[in-house]
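Undergrad: below are the sequence and a predicted model for it; my questions follow.
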Amino acid sequence: GAGVSQSPSNKVTEKGKDVELRCDPISGHTALYWYRQSLGQGLEFLIYFQGNSAPDKSGLPSDRFSAERTGGSVSTLTIQRTQQEDSAVYLCASSLAWLAGEETQYFGPGTRLLVL
Amino acid sequence: TQLLEQSPQFLSIQEGENLTVYCNSSSVFSSLQWYRQEPGEGPVLLVTVVTGGEVKKLKRLTFQFGDARKDSSLHITAAQPGDTGLYLCAGALRGAQKLVFGQGTRLTINP
């Protein structure tokens, strides 16, 4: 069956440019999460969507980062005026719902972002 | 400051040996999950523990949730080269709709 897909798989950009990362969750999953992972480290929570609304944006590192979700499905994470410290793997995950963390989160393969 | 401290961060052992990975915090979690991640892929859930003192087994892997729900361990018996990967623990804080991840343990099993 179809899992979580992300595009592009790799993105190289120049400092100062804007980038848009896309996530297609598993069909029917109402919860969607964005994480950032630096060089084989743990995951840093960025934002969580329940349906189209984002009850928790606390992890977004700065106002250069924004995310939206439309139709309860596809989500895009936008980074404006990229900086070299934004270089990381951006992972998206989806789950049926949020149930005190007991629901399985299914992760996509990630987008590897390199800011030169 | 890392909310979930995972140790060791790197571990390289020989095939057939046993190992334990620890995940510790001063915070109480409503549940805790363990993931395994291969290079170029997203993490894959191994287990979820929700009750203090709970022990779950997955073949040669044994997971334990501390009685106070602040810590967890992953024990692998007779490690195999196929166990190589990045192991991540992640906890759900009560009232917060997100997972907090540890730094990960990069495990290498040498044939």
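TA: Nice, thanks for sending it over. Numbering: from 1, shown residues only, chains lettered A, B, ... in the order given.
Undergrad: can we go C-alpha only for contacts and neighbour counts from here?
TA: OK.
Undergrad: okay, and the beta partners of residue 88?
TA: By default, I'm working from chain A. Using DSSP bridges, the bridge partners assigned to residue A:88 are residue A:113.
Undergrad: wrong chain, I was asking about chain B
TA: With DSSP bridges as the rule, residue B:88 is bridged to residue B:35.
Undergrad: give me the nearest residue to the closest residue to chain A within chain B, chain neighbours excluded.
TA: Nearest to chain A, among the residues of chain B, is residue B:103, at 4.0 Å (CA to the nearest CA). Leaving aside its chain neighbours, residue B:103 sits nearest to residue A:42 (4.0 Å; criterion: CA to CA, 6 or more residues apart in numbering or on different chains).
Undergrad: and the pLDDT at that neighbour?
TA: Residue A:42 is assigned 84 on the pLDDT scale.
Undergrad: contact partners for it?
TA: B:88, B:101-104 (CA atoms under 8 Å, 6 or more residues apart in numbering or on different chains).
Undergrad: ranking those by neighbours, who comes first?
TA: When the contacts of residue A:42 are compared by neighbour count (other CA atoms under 10 Å in any protein chain shown), residue B:104 ends up highest, at 30 neighbours.
Undergrad: measure the residue nearest to that residue when sequence neighbours are not counted to residue B:37 for me?
TA: Distances taken as CA to CA, 6+ apart put residue B:88 closest to residue B:104, at 4.5 Å, once the chain neighbours are dropped. The gap separating residue B:88 from residue B:37 is 8 Å, by CA to CA, to the nearest Å.
Undergrad: same question for residue B:72.
TA: 18 Å.
Undergrad: those two - which one has more neighbours?
TA: Counted by other CA under 10 Å, residue B:72 and residue B:37 do not tie: residue B:72 has more neighbours, with 28 against 18.
Undergrad: tell me which element the more buried one is part of?
TA: strand B:71-76 (DSSP states H and E).
Undergrad: does that strand come close to chain A?
TA: No. Figure legend: strand B:71-76 not in contact with chain A (CA under 8 Å from any CA of the partner chain); closest approach 15.2 Å.
Undergrad: tell me what that strand is packed against?
TA: Judged by 3 or more CA pairs under 8 Å, 6 or more residues apart in numbering or on different chains; DSSP states H and E, the packing partners of strand B:71-76 are strand B:19-24, strand B:61-65.
Undergrad: tabulate these in a markdown table, adding columns for mean neighbour count and mean pLDDT.
TA: Formatted as a markdown table, these follow (neighbours: other CA atoms under 10 Å in any protein chain shown; pLDDT from 0 to 100):
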| stretch | mean neighbour count | mean pLDDT |
| --- | --- | --- |
| strand B:19-24 | 20 | 97 |
| strand B:61-65 | 21 | 97 |
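Undergrad: can you add distance to residue A:9 and give those back as a markdown table?
TA: Output for the helices and strands packed on strand B:71-76, formatted as a markdown table (distance: least, CA to CA, whole Å):
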| stretch | distance to residue A:9 |
| --- | --- |
| strand B:19-24 | 31 |
| strand B:61-65 | 32 |
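Undergrad: right, I'll call it a day here.
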